Structure formats: structure tokens, C-alpha cells
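[1] please find the sequence and the predicted model below.
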Amino acid sequence: MSNSEQTPPQQSGLNVNAAEFNFNLNASEFVPSFGTTQVNPPGYENPSYQNTYLYNQDPQNMYYNQQYQQYGQYGQYEYPQQYYNLQQPYYYPENQPPEEPEEPEDNTISFSDFENSRSSKPKVTPGPKLGFKSINVGEEVRQVVEQEEAPKEEVKVAPKVRKPVIKSITEKPIDKAALIAKLRESAANEEQPLVEPDKIKEPVNIVFIGHVDSGKSTICGSILLLSGKVDQRIIETYEQEAKRLGRDSWWLAYIMDQTDEEREKGITVEVGKAFFETPTKRFSILDAPGHKAYVPNMIGGASQADYASLVISARISEFETGFDRGGQTREHAMLAKSLGISNLIVVINKMDDPSVNWSQDRFEQIKREMSPFLSEKCKYDLSQVHWIPISGISGANIIERVKPETAPWYNGPTLFEIFDSLPLPVRSAEAPLRIPILDRSKDQGIIIYGKVESGQVVKGQRVIVMPIRIKGEIVEIIGAEESRLMYANAGENVRIKLKVPEEVEIQRGFTICDIHDVCHAAQEFSADVQLLDLLEEKQVVSAGYQCVMHAHTAVEECEILEITALIDVARKKKSKTSFGRSNQRILMRVKAEEEICVEPFTKMNQLGRFTLRDEGKTVGLGKIIEIVEAAEEAPEEEPANK
Ligand SMILES: Nc1nc2c(ncn2[C@@H]2O[C@H](COP(=O)(O)OP(=O)(O)OP(=O)(O)O)[C@@H](O)[C@H]2O)c(=O)[nH]1
């Protein structure tokens, strides 16, 4: 057997256009007949792979089964067997009744809106098992992560334990200014003083995304090291541990990757979180996992961020694997944009690698190849995309500019200079309070983690937890570096001690709201959805299609109730339809299995976006148009209020 047969291409699945096949719908099985068009999907450009691919396309081929099993072992090359053995009803446009040229009501958000940035961004809560970890540099955080050896994408849908408890609001609206004034008076008498958040440096959040092993954790580790957040003693411990695990070069990544599993496997699983400052901003770093099995955690991290650093390995073949051959570079870039991030820093890393040697040609080649994808496919405005060559390992170009003798061609800003120049998100303390819960734990009460997405939260404030409609009280607000805060404004990443009745189970995706201005808790809504490449075995989305919805920090199973229109973006026209296919834009009605906290996109875009994922693949990016409200519960007194 030739090498090409033994080593299937780095392809997570063939991207075969359905139009290449003609189906005989009268046959008991759908048998594809192949046209004359030769399909060379990405990853099959190599002639030997093309041969393998074409060879396997022939359903008559006597070696088909043998080949299928062979590739099945690798779990990479999924021959489209589903075309032979369809379990699901399967519709193609030719078999649909003719479309009625009826124009549905124009209720889309806009035709160019998938590039809208958020004014202040949503944050996402991880599921019942942690998808998030807080980095306490110098303190070993050993969390048991229940993951399989070969990780499959986990879908941490919240358990079904939600029961609306109260809806009646009898309390007076809170005067936050008076509460803060009182806290100021008593602040000095506190054993551990209460402080106000830094008013000079704005809190901002940056997520590091990109293909697995591109160097995200190493760069984050370097940032913390160079900004003085890690001391020499800790570094020595990490160096020793990296050596012990036979991963000498990974010690910088260990600053962020703190669980045993992450260190042993050399991959990030949970979103690591840490803080650093530049002259004008206070940054929360979110180090997202690059492995495709952990995309849900990546979505959680990215949905909290104001900016994204898309890390690319410049090492020969690593850029190509991440970008061209089904890697996570494209998916992460697109997800970040769909989550409202418009300021993107493309960090071209590993420039020190001997295969790159700070080559300007390699830097320019990556920029040239990625730019059309970022602007045309993801809809980034290239004037908001920054490009920088760095070495995460040596720290070159992070705070200090790379030496002129190393890269005489680069005279642009350092990474920190770019960080400092990024525009601040627009936020208002007057807006309604929204803190989507990213994670929670128990420590003499309930501790929740999350970003203040909108509004202001004050110590002592009474709040309501949606969608369970439970009232509670903010007992403690902990900011960066364990500071005890009087209040936190939008943008702050905080840990909050929350007083709620003991029996209440707080879950990721729940949202803390002002008591008199709660968010919507809804199961059903209409949405404007951009479909991406659908699964090979489910190439049509229609009523009954089930998948998983990620909205800010919430993850919920959902079902499409109805497709109402197909949008022709180029012609700015809509036509009635009952199904959607890959890369089409459609209007739909969708129903989540449980209530989730959402808002119409036009009201609060942070809570108005969602991502649809099916079998580990992102299949759609949506914006909520209209919410179908749940029926009002009969008012009931809740114990926390007594
Ligand atoms: N030569 C060189 N190697 C690097 C650089 N940055 C990271 N690496 C190496 O690349 C490997 C992966 O680094 P990580 O920082 O764990 O990569 P990651 O993107 O965080 O990985 P995941 O989070 O698992 O996706 C490690 O062996 C690092 O030492 C760099 O600037 N130069």
C-alpha cells in the first residue's frame, strides 16, 4: 500500500458540494451518480491525495469497503457513506414545491450586520463542569477535569432543573449612588479595605484564539512574565515540571495551563484567565483552547472578549495545517467575528523558529493568504485588523521591539503598543445590569464568575437571577488580584459572592440582572441566521433540525421550528422557503429546550447573538429578531426575600 493511502490527508471531513450529486429519489437508497467535475477538496491538492480521493469516489470500486474501513480507523477521512444510507428525511431543492415569490415581512436586522461589532461585548458562562479557570500565578490550581483520553467535543448543556419561582417585584428600586456613598463611608473601617475600581485604566478583555499549538498559552505566559506578574521562584518550578514531563519548552505555557491534564497532554482545555496592565488599560486575558474538541470553551471565552488575538504559527507547515487543512484558524476567526469582536490582532508567532528565522517573506505570505478570508468570508474591516510578528518564547516584539539585527524589516508597533492603541468599547453604567454567569463554585455560599456585560453591580445590591427568577444579594465583589470592590462597572471581570436560598442551583448561562429590569427568559424566538458549511449527512436545515445553541455563556439544545425566508444578500431580497443549505442566510423560528437569557439583538447585541453547533461543527451564526415570551408565572414569595 502506498504512503498516500496509509496517511490520509489532514481533513476533518470532505467538503463535497451537494450539487455534485444527482439523487434518484425513487430508489430505496439514495445512490449518487458522479458528474464529470473533478472535485479537489482542500487538503487533496497533492496529486497522491487526489488519486486517493477520486479512487474512493467510485461507489462501484471493489475496494471501497476496505478503503472506507482503512480511513475510518484514522477518524479523519469520512467517506460520505451517508449518501448511501440516509437515516434522516433528506430534501433537495429540486424536490421541493416551487417557491412562491412572496415577500415576507422585512424584519431582518440589516444586510451587512454580521460584521456589526458590539458596543460592549457579551460574556459566556461555562457549563456545570468547568470550562474556565482563573489563573492564580504561583498557586497550583489542580482541577480534576473529566475528559476522555482522545477528547470528543463535550456539549455541556445545563441540567433540566429550572423552575421559575417568582416574578412579583415588590421591592423599591435600588439607589446605587446612595449605596456606593454608604460603602465609601464605611470602607475605611473594614478589616480588608473596600476599594473602587481603577477609574483611569479601563477594564478590557482580550481572548487568545487560534489553531492548537500555535502558541497561545506560551504568549499569555510571556505577557505575564514580562509584565512582572510571575516571579523567578515560580518560573523555576514550572521549568522543572516541564522537564519532568519531557516538555522542556512548555514552561511558559504552564503559567496558563495549570491542570495536570493540560500539562501532560500539552493542550489547553479550559479557558485560562489572568490579568495584566498596559499604560492605559487593565486587561483580562482569556486563553482559549485551540483543540477542536474544546470549541465550546473557546466560544465561552471569546464571547466575553472585547478584542481577539488570533495566533498563527509561522513554522513551516503549521500555518498551512491551521489555515488550509481544516484547522481551527478559520473557525476561530469566524466565531470571534460572529461574537461581535471587530478588533483583531493577528499574531504571527514562532518567528524565531529555524524554519522561519524572522523571514519577512513568510510574514507577508501569511498576511496575503489570510487577508481575503478575514475580510470577505469573516467580514472583518481590515483597518481594524493588526498584524504583528512575534516570538512567544523569546518575548521579542511583545513589550520590547524585536532587535533590528534580527528583523530589520519590521518597524511597526509592539504587541503592547497595539493593545494600548485599541479603541475602548462603548459602555454605560446606566444600562441595565447583566452578568451572564461563566462559572460558579461553592465556598461558604455561592461564588459566581463572570463579566459585567452591561450596567453596574454594587456590593449589597439586591439582584435577580434569570431565567430562574430567584432574588439574591451581592455579598462580595472580588476584582483582579483579589481586590474587594465596592462596585464593578461594565467590562469588569469579577468573582461575586451571591446570597440566594441554599436549595437554588446556579448554572452557567444564568444571568444576574437588576431587580427592576430583567432580561428576557425565553425558549422560542425568531432569528436571522447565516448558515455555514453544514454537515455532510445533514446538508439541509428545515423544521425539526436539532442542534446545540450557544448564546453568551449559555449552552442549550434547540430545535428549528420553521424556516420562513431565504435572504439573497447580494440582491437584498427575501423569498419564502422551508429549508436552508450551506452558506445561505435564512430567517427561522427556533426553540431552545429550556429557557435561556436573551434579548433581541437590536436591544442588547451581547445577549442577542447565538451560534448553532451540530456534532462538533459550527453550522450557523444567528441574531435574535423577536422573542416569544414565556407565560407569566403566578407571583409567589421567595425565601431569599424574607
Ligand atoms: N519556536 C517557538 N516555539 C513556540 C513559540 N510559542 C510556542 N511555541 C511552542 O509551541 C508549542 C505549543 O505551545 P502552546 O503555547 O501550548 O500552544 P497553544 O496554542 O496554547 O496550544 P493549545 O492551547 O493546546 O491550543 C510548545 O512546544 C511551545 O513551546 C515560539 O514563539 N517559538
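    That came through fine.

[2] element containing residue 239?
    Assessed by DSSP states H and E, residue 239 sits inside helix 232-244.

[3] can that helix be said to contact the ligand?
    No. Helix 232-244 is not in contact with the ligand by Cβ under 6 Å from any ligand atom; minimum separation 8.9 Å. C-betas here are computed from N, CA, C, even on glycine.

[4] what separation do you get for residue 494 and residue 434?
    13 Å (Cβ to Cβ, to the nearest Å).

[5] neighbour count: these two, which is higher?
    residue 434 (30 against 24; other Cβ atoms under 10 Å).

[6] that one against residue 518, yeah?
    No. Using Cβ atoms under 8 Å, residue 434 is not in contact with residue 518, being 9.4 Å away.

[7] contacts only, for the nearest residue to residue 567 once chain neighbours are set aside.
    Using Cβ to Cβ, 6 or more residues apart in numbering and skipping the chain neighbours, the partner closest in space to residue 567 is residue 585 (4.2 Å). By Cβ atoms under 8 Å, 6 or more residues apart in numbering, the contact list for residue 585 reads 528-531, 566-567, 569.

[8] swap in residue 283?
    Residue 283 neighbours (Cβ under 8 Å, 6+ apart): 204-206, 275-277, 419.

[9] any low-confidence regions in this structure?
    1-172, 188, 190, 232, 242, 246-273, 290, 325, 629-642 (pLDDT under 70).

[10] now with 50, please.
    The model of the chain has pLDDT under 50 over residues 1-132, 136-150, 159-167, 634-642.

[11] give me the residue from the stretch 451-600 of the chain nearest the ligand.
    residue 550 (19.1 Å; Cβ to the nearest ligand atom).

[12] give the other helices and strands that the strand or helix carrying that residue contacts.
    Assigned by DSSP H and E, residue 550 falls within strand 546-551. Judged by 3 or more Cβ pairs under 8 Å, 6 or more residues apart in numbering; DSSP states H and E, the packing partners of strand 546-551 are helix 295-302, strand 554-568, strand 585-598, strand 609-614.

[13] can you put the ones you listed in CSV and add distance to residue 395?
    Formatted as CSV, the helices and strands packed on strand 546-551 follow (distance: least, Cβ to Cβ, whole Å):
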stretch, distance to residue 395
helix 295-302, 23
strand 554-568, 36
strand 585-598, 41
strand 609-614, 34
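
[14] tell me which of these is the most buried.
    helix 295-302 (a mean of 28; mean count of other Cβ atoms under 10 Å).

[15] quick check: angle from that helix to strand 609-614?
    Here the directions of helix 295-302 and strand 609-614 differ by 170 degrees (axes from the mean of the first three to the mean of the last three Cα atoms, to 10 degrees).

[16] isn't residue 292 right up against residue 332?
    No. Counting by Cβ under 8 Å, residue 292 does not reach residue 332; the two are 9.8 Å apart.

[17] these two: which has the busier surroundings?
    Set residue 292 next to residue 332 and count neighbours by other Cβ under 10 Å: residue 332 wins out with 28 against 20.

[18] check contacts around residue 183.
    Each residue near residue 183 by Cβ under 8 Å, 6+ apart is listed here: 194, 458-460, 486-487.

[19] confirm it sits in a strand?
    No. Residue state for residue 183 (DSSP: H, G, I helix; E, B strand; the rest coil) corresponds to helix; a strand is not indicated.

[20] in the stretch 401-550 of the chain, what residue comes closest to the ligand?
    For the stretch 401-550 of the chain, Cβ to the nearest ligand atom, closest residue to the ligand: residue 402, 11.6 Å.

[21] who in the stretch 351-500 of the chain is up against the ligand?
    Checking the stretch 351-500 of the chain against the ligand by Cβ under 6 Å from any ligand atom, the hits are 352-353, 391-393.

[22] before we move on, what SS does residue 391 have?
    Per three-state DSSP, residue 391 ends up coil.

[23] do a quick rundown of the helices in the stretch 201-350 of the chain.
    216-226, 232-244, 260-265, 295-302, 318-323, 328-338 (DSSP state H, counting those that start in this stretch).

[24] among the ones you listed, which is the most enclosed?
    helix 295-302 (a mean of 28).

[25] and it, anywhere near the ligand?
    No. Using Cβ under 6 Å from any ligand atom, helix 295-302 never reaches the ligand; the gap is at least 9.2 Å.

[26] before we move on, the earlier item: need the max-distance pair from the residues of the stretch 351-500 of the chain next to the ligand.
    Spatially, the most separated pair among those is 353 and 392, at 10.8 Å (Cβ to Cβ).

[27] of those two, which one has the most company?
    A direct count of neighbours by other Cβ under 10 Å for residue 353 and residue 392 places residue 392 higher, at 28 against 19.

[28] would you agree the more buried one is in contact with residue 225?
    No. Judged on Cβ under 8 Å, residue 392 makes no contact with residue 225 at a distance of 10.5 Å.

[29] can you give me the end-to-end span of stretch 392-403?
    Terminal residues of stretch 392-403 lie 15 Å apart, using Cα to Cα, to the nearest Å.

[30] any buried residues in it, and which?
    392-393, 395-399, 401-402 (16 or more other Cβ atoms under 10 Å).

[31] over to stretch 378-386?
    Under 16+ other Cβ under 10 Å, the buried positions of stretch 378-386 are 378-380, 384-386.

[32] neighbours around residue 339, how many?
    Residue 339: 26 neighbours (other Cβ under 10 Å).

[33] ok, back up a step: let me have the contacts of residue 283 in TSV, adding neighbour count as columns.
    Shown next, in TSV, are those (neighbours: other Cβ atoms under 10 Å):
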residue	neighbour count
204	24
205	26
206	24
275	19
276	21
277	16
419	25
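
[34] looking at those residues, which are in strands?
    The strands, defined by DSSP state E, take in 204-206, 275-277 from the contacts of residue 283.

[35] list the contacts for residue 517?
    432-433.

[36] list the beta-bridge partners for residue 618.
    Legend: beta-bridge partners of residue 618 under DSSP bridges are residue 613.

[37] show the contacting residues for it.
    Neighbours of residue 618 in contact, by Cβ under 8 Å, 6+ apart: 295, 331, 334-335, 532, 611-612.

[38] could you measure from it over to the ligand?
    Residue 618 sits 17 Å away from the ligand, going by Cβ to the nearest ligand atom, to the nearest Å.

[39] which other residues reach stretch 388-407?
    If you take Cβ under 8 Å, 6+ apart as the criterion, stretch 388-407 is touched by 215, 218-219, 221-223, 225-227, 249, 252, 311, 314, 345-352, 358, 360, 363, 410, 412-416, 418.
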